[in-house]
Every structure is written in structure tokens, then in C-alpha cells.
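# Next one to model:
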Amino acid sequence: MNKQTEAFLTSAPIKWAEVGQSHPHESAVLHVLGEAAYTDDIPELRGTLHAALGLSQKAHARIVTINLDAVRAAPGVVAAYTAADIPGTNDCGPIIHDDPILGDGLAQYVGQPIFIVVAETHDLARRAVRKVEVVYEELPAILTPKEARAAQSFVLPPMALARGHAQQALDAAPFRVKGELNVGGQEQFYLEGQISYAIPTENKGMHVLCSTQHPSEMQHIVAHTLGYHAHQVHVECRRMGGGFGGKESQSGIWAACAAIAANALKRPVKLRADRDDDMMVSGKRHEFYYEYEVGHDADGLILGARVEMVSRAGFSADLSGPVATRAVCHFDNTYYLSDVEIKAMCGKTNTQSNTAFRGFGGPQGAIAIEYIVDEIARKVGRDALDVRKLNFYGRNDAEGRNVTQYGQKVVDNVIHELVAELEESSEYRARRAAVTAFNAASPVLKKGLALTPHKFGIAFNVTHLNQAGALVHVYVDGSVLVNHGGTEMGQGINTKVLQVVAQELGVALASVRITATDTSKVANTSATAASTGADLNGKAAQDAARQIRERLAAFAAKMYGGVAGDVVFENQWVAVNGNTVSFADLVGKAYLARVQLWSDGFYATPHLHWDSKTMTGNPFSYFAYGAAVSEVIVDTLTGEWRLLRADALYDAGNSLNPAIDIGQVEGAFIQGMGWLTTEELWWNQAGKLMTHAPSTYKIPAISDCPEDFRVRLFKNSNVADSIHRSKAVGEPPLLLPFSVFFAIRDAIASVADNKVSPPLQAPATGEAILKALRALTLPQ
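Now for the predicted structure:
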């Protein structure tokens with residue numbers, strides 16, 4: 001062994017690694033310079049036209065006539081289309097075919113698209129839309145989950161899950177809590193709105209540039225809409241300016257409408273939604289209404305539980321079924337429920353068809369049990385943290401209490417250790433005493449403190465979606481090009497996949513480049529959703545890169561001697577049988593020897609199964625854990641509040657990129673806080689969404705973030721064989737700001753000496769806070 005090889009082999013493992021390092025986002029510089037190209041930034045082809053959608057003005061009505069004469073006569077208008085002009089299927093439902101692209105004779109919510117206008121410019125198309133004359137025959141409308149349940153109006157059959165004997169346990173329990181809870185929905189409010197750019201290509205082809213989390217679904221929708229086969233439709237997405245679930249299925253309307261017009265006119269057509277139109281048309285996070293009854297003992301241990309949850313699905317099924325399923329599977333959160341009965345209904349309402357949103361029903365399921373545990377703690381006179389810890393799942397088989405209500409064993413439960421670490425690092429007990437002392441001396445301003453945990457299952461509930469593909473190309477100069485089926489929406493999936501490929505090939509991150517997600521490169525992809533993006537696509541890319549590395553190792557061993565398994569690829573160099581050669585030189589030699597330098601990769605998550613009829617199985621690959629402590633101060637006269645400090649501890653396993661993961665935790669925390677506090681969706685009596693712009697819909701601003709914000713990653717290696725034993729970080733941290741909501745509730749409860757649970761509903765707006773305060777202070 002020469003000195004160069006010896007030095008390389010002894011030093012490289014210590015000095016070099018791409019995975020596990022805090023690399024910047026792969027597009028960070030482009031973002032800062034304004035050079036990152038989004039769909040609307042792509043140079044428009046000559047002859048490009050612009051489309052706008054005409055929207056229903058009634059929540060539920062028969063459309064008697066649509067007069068488009070004035071629309072077609074408007075300046076710059078080229079064409080206008082209705083459902084009758086769709087050459088294929090008028091449907092964009094991702095599961096159930098109940099979701100028309102354009103309303104055909106029936107308006108089912110205010111904001112439903114009923115026609116398309118195509119004009120020379122974006123502004124001219126939007127102005128022309130307003131000239132339509134529509135005659136409606138109004139029908140009764142259902143607007144809320146409670147109304148839907150009363151009318152037995154559902155988009156899907158109700159679902160139920162039961163374990164043990166809930167009623168017997170309730171009857172035998174010495175204490176009970178019973179009540180109702182309403183948790184509102186949430187607008188995704190991605191910075192880049194919905195947009196699609198459809199370009200007709202030769203031989204009846206269609207190229208669609210689309211801001212979407214699910215290019216393959218867009219391919220299917222466009223193909224069905226035009227009466228094409230999938231191979232005639234090419235969908236591409238380099239990046240999105242945010243998605244949060246709102247571009248999983250809901251980008252379908254925009255892609256289909258652009259393609260309808262482009263196909264008819266044989267010209268490129270761009271459809272870019274104005275923010276108001278985007279919010280009026282698209283679905284949001286599901287609002288949930290709950291009725292619950294829980295039995296417990298004097299210490300607060302849950303003995304039996306029953307909950308009925310009704311979601312506002314909207315006018316069609318969309319993804320409401322899987323959302324409700326995940327809510328049912330997350331009702332336990334971190335708590336063992338021996339005897340439990342859960343019913344879930346997807347209420348059909350004459351409102352936007354609600355859809356995926358970060359967490360996908362998990363937050364709505366988990367917040368119900370947290371509300372209940374908070375209530376139990378106040379009833380038994382204990383700190384809520386102690387009641388939470390009492391009800392935790394067991395650590396292992398020896399302790400027992402480690403099987404979920406749907407039958408999956410919890411084999412990696414670290415919530416005990418994680419919460420203990422956070423309790424100590426956040427100085428929870430000392431701060432609890434300080435909050436109590438402050439409230440005793442302050443009649444108007446009240447402080448609240450809460451620590452809430454979470455357990456979140458990672459995988460698509462629909463087993464077959466847990467698959468991914470990737471392509472890796474190594475060029476003769478040693479540079480590497482990667483394509484995979486995931487989509488980049490700012491979350492850093494491309495950065496993590498680049499790190500995985502660089503690590504596998506032993507090259508620097510700068511040597512690897514990633515290209516746009518493209519249905520002509522990796523086919524039949526799943527949505528980038530369910531927090532599976534890096535898990536699935538990272539594994540697929542690793543598989544492809546490993547095949548190339550193994551071919552190069554075999555070639556190096558053949559050329560230099562030794563055994564292929566002993567060849568080391570690190571830090572741009574290859575060590576083989578006492579020799580060192582640069583990666584680029586070895587690749588060049590391999591090319592001349594006709595070694596294949598590209599490969600496809602594939603991954604399917606193992607050990608998953610789910611029976612939707614019995615609602616039992618092993619739906620998740622693993623669980624991601626976390627906990628947060630929040631301290632707030634509330635003005636009891638105005639309902640105003642402020643988050644003073646937040647401490648979050650999140651289990652990211654062996655983090656692929658700590659900087660990106662911490663950023664994801666911070667962003668999820670603030671987004672979840674907005675859902676539970678300031679972001680209120682409000683429909684008037686006519687069924688029109690009135691909070692359809694930032695002037696009326698309030699997402700958190702920088703001033704809402706706590707001045708003291710402490711986020712750390714919990715040291716823990718994933719027990720599942722995930723990519724480099726990391727854990728997902730997209731959705732689970734959104735449950736961390738439960739602590740904000742319950743800290744507000746804690747502050748309100750101090751008005752009544754913490755002996756009565758305030759009936760605080762979410763979002764906890766200033767009005768909701770005052771209403772809860774009034775319930776405590778008015779005579780009962």
C-alpha cells in the first residue's frame with residue numbers, strides 16, 4: 001500500500017461524509033438571487049394564450065342556462081369552453097369519480113369552475129369571465145359537518161374501528177368526561193398559486209408544465225380529459241413555491257383546463273390562478289367536529305373511550321376517505337387505549353372539496369385525544385403532563401400496552417425518554433411554578449404553559465403507493481445526474497437525494513445535479529406526500545447509485561486486482577488493491593471498457609399491510625416522535641395573546657441533513673400554530689367563503705413567532721431500515737404546536753383556578769378566547 005492510499009483510507013472516513021451534514025438547500029442561492037425558475041417563470045412560447053375560470057356564484061343550484069355571448073365578444077377573447085366541449089371524461093377525482101372538472105348542469109359550491117375563457121392576456125381573460133350570464137335554480141345547501149351528519153349526507157360510507165369493550169369500560173369507570181370539540185380547517189396558502197402551462201406537441205401529444213406534488217396523477221387526469229393514453233401526456237415539475245398537500249390532487253383542475261384549451265386551439269395555454277380564485281376553487285384542510293366520552297380513574301388513567309368525528313369533506317370525496325382513516329389511526333397519539341370505539345364520517349357539504357394538508361388527518365385525530373387528556377387532568381387536579389405520561393404506550397413487550405387500536409405493535413417507542421429530556425431542558429417544573437405565581441398576582445394578564453407529545457405513523461395508508469423509482473447517470477467526466485419521482489416544494493427532498501447519491505458513489509455534493517420531476521423519465525410515481533418523499537425516493541436513488549458503484553468496483557478490481565467488495569469510494573477517490581485513482585479517471589476508463597454508467601433504481605417499503613374493511617393491519621413503516629413546550633400570555637380583556645417561548649424536541653432518527661430538518665420543524669410549528677389560532681375559514685349563510693385573501697385570512701407573520709424559539713433534534717437511530725436510518729420530517733412536527741393551543745387553554749383556565757376546563761374551540765382566535773373566558777366567568 002502506498003502512502004497516498006494509506007493516508008486516504010485512514011483520513012477520509014473521518015473527514016468526509018455527505019449524509020448527515022447540514023448542507024444548504026440545493027436551490028438556496030437561486031432562491032436568494034431570484035433565479036430559481038417556477039412554472040410561471042418559464043419563457044412563454046410564441047402564440048401562448050392565457051386562460052381563466054368562470055366560477056359558480058351559488059352553493060347548490062341547477063344551472064339552467066349559461067350565456068357566454070358577452071364573454072366571447074370581450075376584448076382579446078379567443079374562445080370559451082364548457083363541460084360540453086371536453087373531448088374525454090369530465091372528472092378529476094383521485095379515487096372516486098365524483099369530481100367534475102367543469103360543473104355540468106349543477107353547481108355544488110360557490111367557486112366551482114363551470115367554464116373556461118381563453119384570451120390573449122391573463123388580465124383580459126379574467127375581465128371577460130365577469131361578463132357571463134348564468135341563470136340558476138337554487139337548491140337547499142348543507143354547509144357544516146353537523147348539518148351533514150343530521151342530514152346523513154356523506155361522500156363515503158361511515159367508517160368505524162373498535163377494540164375491546166368501550167361501553168363496558170365506560171360503565172365501569174369511576175369518572176367520565178364528555179363533551180364536544182370543533183377544530184377548523186386551514187388554507188394551504190402556498191406562496192406560488194396553482195398554475196399549469198399546456199403545450200400541444202406533435203402526433204397528438206401534450207406537454208404540461210405544472211406546479212404539482214403528483215405529476216403522474218396530472219398525467220392520468222389530462223389523458224382521461226382529452227381521451228388520450230398516458231404515453232401521449234408528458235408532465236414536468238422542477239419545483240413548487242409550496243404545496244402542503246394542496247397540489248396533490250387539486251392541481252388536477254388547473255392542468256386539465258389548460259390542456260382542454262390547448263388541445264382545442266392547438267396553441268400553448270397558461271392557466272395561472274389569482275389568489276382569490278385559488279382560494280375560492282381549491283380544497284383545504286378538513287374541519288372536524290367531535291363528540292367524545294371517556295372513562296378514567298382517580299389518577300387520570302384512561303379506561304375506555306368513545307369518539308365520533310365528522311369532517312367537512314366538501315362536495316366530493318377527493319382524499320377525504322384516506323384523511324379520515326389517518327385521523328382514526330392517530331386518535332391514540334402517544335396513548336394506549338385498551339377499550340376504544342372510533343367512528344368517522346366524511347360529511348358532504350356544499351363547499352370546496354377538502355383535500356390533503358400537511359398531516360393528512362393525523363393532526364385532526366391526535367388533537368381530540370389531547371383535548372380529552374387535558375380535560376381529565378383538570379378534573380383529577382393533576383398537571384396535564386403527569387396524566388399524559390401515565391397514559392403513554394409501554395416501551396416494549398415486557399411492559400405491555402404497546403399495540404395500537406388498529407393492531408400494529410409500537411416497537412420503537414422513545415416518547416418516555418424524549419419527553420423526559422424535554423421536560424428537563426425546558427425547565428418545565430420550575431416554569432410551571434413561575435406561571436402559577438405570575439397568575440396569582442396578575443388579574444388581567446394570564447400566562448399558560450403546556451407540554452404536548454406526538455407519535456406519527458410514516459407511510460401511505462394505501463399500501464401500493466409506497467413505491468418509488470429513480471435514474472442515476474454518471475457521465476464520462478465523473479459528473480452525476482439524478483432524476484427521481486419526488487417533487488421539490490421547498491422541503492429539501494432534492495438536497496437529501498443528492499446527498500444520498502453522493503455518499504453512495506463517494507463523490508462531492510457539487511458533482512451531483514438533479515433534474516425536474518418528469519413523467520417521461522420515471523413513470524407511475526406516487527405523490528410527494530405522507531412524509532415519504534425522502535424515504536422512498538432516497539432509497540430508490542440509493543439503489544440506482546449502488547448498482548453503478550458495484551459495476552465500477554468490479555471493473556476496478558479487474559483492472560487493478562483485488563476483490564470488488566474491498567474497493568472503497570470516498571471523497572472523489574477510489575482505493576483498490578493498494579492503488580488510488582480519481583473517480584473521474586475510473587469512470588473514463590470504465591466507459592472505454594463499455595461498462596454501463598447509468599442505472600434505474602426502485603424501492604417498495606416492506607412489511608406494510610392494511611385491511612380497510614376491518615381497519616386493522618400494519619399501515620406504517622415506523623413512527624416519528626416529538627414533543628414541545630409552549631408558554632403564552634393572554635390578555636383576558638381583549639383576547640389577545642402572545643407566544644413567549646417554545647421548546648421543541650423532534651425525533652428525526654439519523655438526520656440526513658440537520659439544518660433542513662430543523663428548518664422543517666420550525667416551519668411546521670408556526671404553520672400548525674396558525675391552524676390552531678389565527679387561521680379562520682368562514683363561510684356566510686349563502687355558502688360563500690369570505691376569507692379568500694390575505695386581507696381576511698390571517699396566516700402567522702414574523703411578529704407571531706416567539707422571540708425565544710428552541711428547536712433540537714432528538715438523538716435516535718430509526719429501528720426501521722429507512723434511508724440511512726433517518727426519519728421523516730415533513731408532517732409530524734405540525735403536531736408540536738398543540739402545545740400553543742393548550743397553553744392558551746391553560747391560561748384561560750387560570751381565571752377559574754384551573755378547576756374548570758374552558759370550552760375553547762380551534763382556531764383559538766381572539767373571539768374564541770373571549771367566548772371561552774365568558775363561559776368561565778358567567779354564572780352557570
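# what are the bridge partners for Gly457, then?
Phe623 (DSSP bridges).
# just checking, it touches Val328?
No. Counting by C-beta atoms under 8 Å, Gly457 does not reach Val328; the two are 11.5 Å apart. Every residue, glycine included, has its C-beta placed from N, CA and C.
# and the nearest residue to Leu53 once chain neighbours are set aside, bridged to which residues?
Using C-beta to C-beta, 6 or more residues apart in numbering and skipping the chain neighbours, the partner closest in space to Leu53 is Pro113 (4.3 Å). Beta-bridge pairing for Pro113 (DSSP bridges): Leu55.
# Any figure for the gap between Pro113 and Val419?
47 Å (C-beta to C-beta, to the nearest Å).
# Okay, now the unreliable bits of the chain?
Within the chain, the stretches with pLDDT under 70 are 1-16, 779-780.
# Centroid-nearest residue for it?
Nearest residue to the geometric centre of the chain (C-alpha atoms, centre = their mean): Arg358, 2.5 Å.
# Surely it forms part of a helix?
No. Arg358: not assigned to a helix; according to DSSP: H, G, I helix; E, B strand; the rest coil it is coil.
# So it sits against Gln671, correct?
Yes. Using C-beta under 8 Å, Arg358 is in contact with Gln671, at 6.7 Å.
# Tell me where the stretch 601-750 of the chain has strands.
Listed in chain order, the strands found in the stretch 601-750 of the chain under DSSP state E, counting those that start in this stretch are 609-611, 616-618, 622-635, 641-650, 708-713.
# highest average neighbour count across these?
strand 622-635 (a mean of 26; mean count of other C-beta atoms under 10 Å).
# tell me the angle that one makes with strand 708-713.
Computed by axes from the mean of the first three to the mean of the last three C-alpha atoms, to 10 degrees, the angle separating strand 622-635 from strand 708-713 equals 170 degrees.
# helices or strands next to strand 622-635 in the packing?
When contacts are defined as 3 or more C-beta pairs under 8 Å, 6 or more residues apart in numbering; DSSP states H and E, strand 622-635 packs onto helix 415-425, helix 428-441, strand 445-458, strand 641-650, helix 738-749.
# The nearest residue to Ser722 once chain neighbours are set aside: how many residues sit nearby?
Distances taken as C-beta to C-beta, 6+ apart place Asp535 nearest to Ser722, at 5.5 Å, with adjacent residues excluded. The tally of other residues near Asp535 (other C-beta atoms under 10 Å) stands at 28.
# quick one: Asp535 from Val497, how far?
Distance from Asp535 to Val497, by C-beta to C-beta: 11 Å.
# Equivalent analysis for Gly185, please.
Relative to Val497, and taking C-beta to C-beta, Gly185 is found at 32 Å.
# who has more neighbours, those two?
Val497 (31 against 23).
# just how off-centre is the helix or strand that one falls within within its chain?
Per DSSP states H and E, Val497 falls inside helix 493-505. Centroid separation for helix 493-505 versus its chain: 22 Å, with C-alpha atoms, centre = their mean, to the nearest Å.
# partner strands of the helix or strand following it, parallel or antiparallel?
Scanning forward in sequence from helix 493-505 by DSSP H and E, the next helix or strand is strand 512-514. Take DSSP bridges as the rule and strand 512-514 pairs in its sheet with strand 480-484 (parallel).
# which residues are contacting the strand it pairs with?
Residues from elsewhere that reach strand 480-484 (C-beta atoms under 8 Å, 6 or more residues apart in numbering): 468-475, 497-498, 501-502, 505, 507, 511-518, 521-522, 537, 540-541.
# Report the buried members of those residues.
Taking 16 or more other C-beta atoms under 10 Å as the criterion, what is buried in the contacts of strand 480-484 is 468-474, 497-498, 501-502, 505, 507, 511-512, 514, 516-518, 521-522, 537, 540-541.
# overlap in contacts of Arg358 and Gln671?
Phe244, Leu734.
# Quick check: the gap between the residue nearest to the centre of the chain and Asp543.
28 Å.
# Could you do Asn684 as well?
53 Å.
# These two: which is more packed in?
Asp543 (19 against 11).
# Which phi and psi values does that one adopt?
phi -60, psi -40 (degrees, to the nearest 10).
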